[in-house]
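**Q** Model the following, please.
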Amino acid sequence: MYQYDTYDQAMVDARVAEFRDQTQRRLDGQLSEAQFRPLRLMNGLYLQLHAYMLRVAIPYGTLSGKQMHMLAHIARKYDRDYGHFTTRQNIQYNWIKLADAPDILADLASVEMHAIQTSGNCIRNISSDQYAGVSADEVADPRPLAELLRQWSSFHPEFTYLPRKFKIAVIASAEDRAAMRLHDIGIELVKKDDEIGARVFVGGGMGRTPMVAPEIRDFVPFAEIVSYLEACLRVYNRHGRRDNKYKARIKILVHEMGREEYTRQVEEEFTHMKTLGLDPPLAELARIADHFAPPAYETGLSDEIDLSDRDFAAWVSTQVKPHKVPGYAIVNISLKPIGGIPGDASSAQIDLMAELAEKYSFDELRVTHAQNIVLAHVKKADLYALWKALEEADLGTANLDLISDIIACPGLDYCSLANARSIPVAQKIAQRFSDLDRQKELGELKLKISGCINACGHHHAGNIGILGVDRKGVENYQLLLGGSGADDVSLGQITGPGFDENGIVDAVEKATNVYLANRQEGERFVDTFRRIGMAPFKEALYA
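**A** Take a look at the predicted model:
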């Protein structure tokens with residue numbers, strides 16, 4: 001994984017010193033909240049319902065055991081002993097004291113981490129596939145490009161004050177594990193005539209006006225990707241709405257301008273950009289790529305796994321995925337225990353995951369956009385010992401991509417923007433479907449909950465999505481069906497009138513019953529919905 005050079009370290013250290021001075025001036029009353037707000041947001045510090053919230057960047061979701069231990073330390077020392085892993089592969093702390101914020105940033109800087117550009121109208125954390133570098137179906141490891149884009153976008157002077165926040169995802173597989181087409185820019189690395197390049201999608205996103213990004217170019221040579229992205233962002237920066245924040249995202253620009261006209265202007269700008277020498281030299285690309293060389297895998301390992309323990313076998317069948325190297329496996333750690341808060345982990349659990357990565361996975365962890373953790377390099381011979389350690393820490397839930405593997409935002413329990421609570425709904429649904437055999441009978445079913453229209457819980461992309469709204473001061477929940485954030489991307493459709501908190505749990509169960517009564521062999525929930533349409537579901541929900 002990438003290691004800071006002296007420039008990287010100097011940059012984050014300077015930001016810590018700068019923010020320490022700004023914070024002290026705020027505490028001394030020299031800065032008003034209105035003056036301080038843009039400064040704190042540039043450092044990922046939000047003022048939420050009850051306290052400050054700090055969002056820490058985990059670039060493309062990859063971090064070391066040492067960095068993970070630091071996240072546990074921050075949870076213990078500065079928060080209420082837990083952290084919340086998010087759908088942008090970041091971590092948030094919900095109970096931060098303003099006076100502590102500079103010390104937290106200093107602690108992060110000591111392990112090559114920061115909170116820069118996790119807020120504001122800038123390019124946010126670059127996200128990627130949690131199986132990057134270990135999946136057999138990728139054409140290349142997408143993380144070197146993601147790291148290059150992190151360096152390119154950090155403090156980019158032209159894109160620091162965009163019309164609205166901006167999110168980029170990079171994958172390298174036909175199977176989309178990062179909701180790539182629901183980003184402002186989605187990049188899929190592809191191979192054409194033995195050359196690696198980028199297939200580029202622009203104008204996706206969720207929120208108030210969800211849209212799937214259209215393809216605007218089928219191939220950009222790898223060595224010209226930075227110039228091409230500069231062109232995409234320049235056209236947006238030039239024409240994006242600044243008079244109405246609800247129409248400021250690039251998806252609105254692409255939709256109103258039209259894909260063809262937006263693409264024409266990007267191509268025109270790209271022709272100009274290529275004359276400016278902005279693309280990094282191949283030596284720099286190679287330098288970054290060297291940081292992502294494969295670890296020292298052992299050879300001659302057995303692929304056999306002793307599955308005589310039924311509970312272990314159930315965990316393996318759900319949480320363990322194939323690795324491209326014989327004798328190794330990809331392990332998904334669920335942060336969704338039945339009755340728990342999706343994405344939350346205690347400091348003890350965070351420390352344990354760090355220790356397990358150091359012991360079993362070449363000191364590397366991944367955070368997923370589904371709010372889980374991945375150990376990407378585990379020997380199959382170590383799986384049983386790893387599982388036992390996870391079980392003892394309440395991290396052994398076997399529910400990956402099942403109905404209880406719920407994505408949920410913090411909702412009205414924490415967020416000042418939310419209209420309804422997400423966490424209690426997620427807990428009640430998980431309890432309703434707590435029986436693992438029942439979950440496996442339903443099969444792959446991705447359920448996602450947002451507490452407001454901003455869609456931090458990705459409800460538009462849920463096979464079953466839930467949106468919390470305010471109905472005359474009462475929390476109400478809309479049900480959406482048929483969404484997907486994968487390579488078969490689609491946006492969920494609202495079924496009709498909303499439900500109260502208990503009613504939405506019943507509604508989810510009724511929707512699953514319609515699926516079970518109508519599915520054909522091999523069909524997932526989303527497949528059945530697409531085949532039979534909304535009518536049978538509405539009939540069951542509103543009879």
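
**Q** use CA for all of it now, contacts and neighbours both
**A** Noted.

**Q** Tell me the secondary structure of residue 43, please.
**A** Here residue 43 takes the coil state, with states given by DSSP: H, G, I helix; E, B strand; the rest coil.

**Q** ok, now the one 10 residues further on?
**A** At residue 53, secondary structure determined by three-state DSSP is strand.

**Q** Run through the bridge partners of it.
**A** Residues in a beta bridge with residue 53, per DSSP bridges, are residue 46.

**Q** For residue 40, see how far away it is.
**A** Computed as CA to CA, to the nearest Å, the residue 53 to residue 40 distance reads 11 Å.

**Q** shared neighbours of these two, which are they?
**A** Residues touching both residue 53 and residue 40 (CA atoms under 8 Å, 6 or more residues apart in numbering): residue 46.

**Q** helices and strands of the protein: which one has the lowest mean pLDDT?
**A** helix 282-290 (a mean of 94; mean pLDDT, DSSP states H and E).

**Q** Remind me what that one packs against, helices and strands.
**A** The criterion is 3 or more CA pairs under 8 Å, 6 or more residues apart in numbering; DSSP states H and E, and the helices and strands that helix 282-290 contacts are helix 143-153.

**Q** Skip the chain neighbours and tell me the closest residue to residue 293.
**A** Distance criterion CA to CA, 6 or more residues apart in numbering; nearest residue to residue 293, sequence neighbours excluded, is residue 1 at 8.0 Å.

**Q** for the least confident helix or strand of the chain, which positions count as buried?
**A** Residues 285, 288, 289 are the ones in helix 282-290 that count as buried (16 or more other CA atoms under 10 Å).

**Q** Could you check the angle it makes with helix 143-153?
**A** Counting by axes from the mean of the first three to the mean of the last three CA atoms, to 10 degrees, helix 282-290 points 120 degrees away from the direction of helix 143-153.

**Q** tally of neighbours for the residue nearest to residue 293?
**A** Neighbour count of residue 1, defined by other CA atoms under 10 Å: 19.

**Q** Likewise for residue 438?
**A** Residue 438 is flanked by 12 other residues according to other CA under 10 Å.

**Q** and residue 218, what does it touch?
**A** By CA under 8 Å, 6+ apart, the contact set of residue 218 is 198, 199, 200.

**Q** Quickly note the distance from residue 295 to residue 142.
**A** 16 Å.

**Q** Please disregard the earlier target; I meant residue 467.
**A** For residue 467 relative to residue 142 (CA to CA), the value is 32 Å.

**Q** residues making contact with stretch 265-283?
**A** Looking at what lies outside stretch 265-283 - CA under 8 Å, 6+ apart - the contacts are 223, 224, 225, 226, 227, 228, 230, 231, 232, 234, 235.

**Q** how long is it from one end to the other?
**A** End-to-end distance of stretch 265-283 (CA to CA): 30 Å.

**Q** May I see the buried residues of that stretch?
**A** Buried, per 16+ other CA under 10 Å, within stretch 265-283: 265, 266, 267, 269, 270, 273, 274, 279.

**Q** Dump these to CSV, plus pLDDT, secondary structure and distance to residue 206.
**A** Compiled in CSV, these are given as follows (pLDDT from 0 to 100; DSSP: H, G, I helix; E, B strand; the rest coil; distance: CA to CA, whole Å):
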residue, pLDDT, secondary structure, distance to residue 206
265, 98, helix, 24
266, 98, helix, 23
267, 98, helix, 26
269, 98, helix, 27
270, 98, helix, 27
273, 96, helix, 30
274, 95, coil, 32
279, 96, coil, 30
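
**Q** So for residue 295 and residue 142, which sits in the more crowded spot?
**A** Legend: neighbour count by other CA under 10 Å for residue 295 and residue 142, higher for residue 142 (25 against 12).

**Q** isn't the more buried one right up against residue 134?
**A** No: the criterion here is CA atoms under 8 Å, and residue 142 misses it with residue 134 at 10.8 Å.

**Q** where do the helices sit along the stretch 51-200 of the chain?
**A** Assigned by DSSP state H, counting those that start in this stretch, the stretch 51-200 of the chain shows helices spanning 65-78, 101-109, 143-153.

**Q** the inter-axis angle of the shortest one versus helix 65-78?
**A** Orientation check (the same axes, to 10 degrees): helix 101-109 against helix 65-78 gives 160 degrees.

**Q** Show me which residues of the strand or helix carrying residue 387 are buried.
**A** Element membership of residue 387, judged by DSSP states H and E, is helix 383-392. By neighbour count with 16+ other CA under 10 Å, helix 383-392 contains the buried residues 383, 384, 386, 387, 390.

**Q** The last one touches residue 398, doesn't it?
**A** Read that as residue 390. No: Residue 390 is not in contact with residue 398 according to CA under 8 Å; the separation is 10.9 Å.

**Q** picking up where we left off before, what about the contacts of stretch 265-283, which are in helices?
**A** Per DSSP state H, helices hold the following members of the contacts of stretch 265-283: 225, 226, 227, 228, 230, 231, 232, 234, 235.

**Q** Could you single out the nearest of those residues to residue 181?
**A** Nearest to residue 181 among the ones in helices among the contacts of stretch 265-283 is residue 232, at 15.4 Å by CA to CA.

**Q** separation between the closest one and residue 124?
**A** In terms of CA to CA, residue 232 sits 16 Å off from residue 124.

**Q** follow-up on the earlier one: who wins for neighbours among the contacts of stretch 265-283?
**A** Neighbour counts for the contacts of stretch 265-283 (other CA under 10 Å) peak at residue 228, which has 25 neighbours.

**Q** Who's the closest spatial neighbour of that one, skipping the chain neighbours?
**A** In space, residue 228 is closest to residue 270, 5.6 Å off (CA to CA, 6+ apart).

**Q** Same check on residue 330?
**A** Leaving aside its sequence neighbours, residue 330 sits nearest to residue 376 (CA to CA, 6+ apart; 4.6 Å).

**Q** Report how many residues lie close to the one you found.
**A** Residue 376 has 29 neighbouring residues, counting by other CA under 10 Å.

**Q** Who are the contact partners of it?
**A** By CA under 8 Å, 6+ apart, the contact list for residue 376 reads 131, 134, 329, 330, 331, 361, 364, 365, 366.

**Q** next one: residue 409
**A** Residues near residue 409 by CA under 8 Å, 6+ apart: 86, 422, 423, 449, 450, 451, 456, 457.

**Q** Any idea how many residues pack against residue 301?
**A** A count of neighbours around residue 301, defined by other CA under 10 Å, yields 14.

**Q** Distance-wise, check the closest residue to it other than its chain neighbours relative to residue 440.
**A** Nearest residue to residue 301, sequence neighbours excluded (CA to CA, 6+ apart): residue 327, at 4.7 Å. For residue 327, the distance to residue 440 (CA to CA) stands at 27 Å.

**Q** Looking at these two, which is more packed in?
**A** Using other CA under 10 Å as the criterion, residue 327 and residue 440 rank with residue 327 on top: 21 against 15.

**Q** Fine, thanks again, bye for now.
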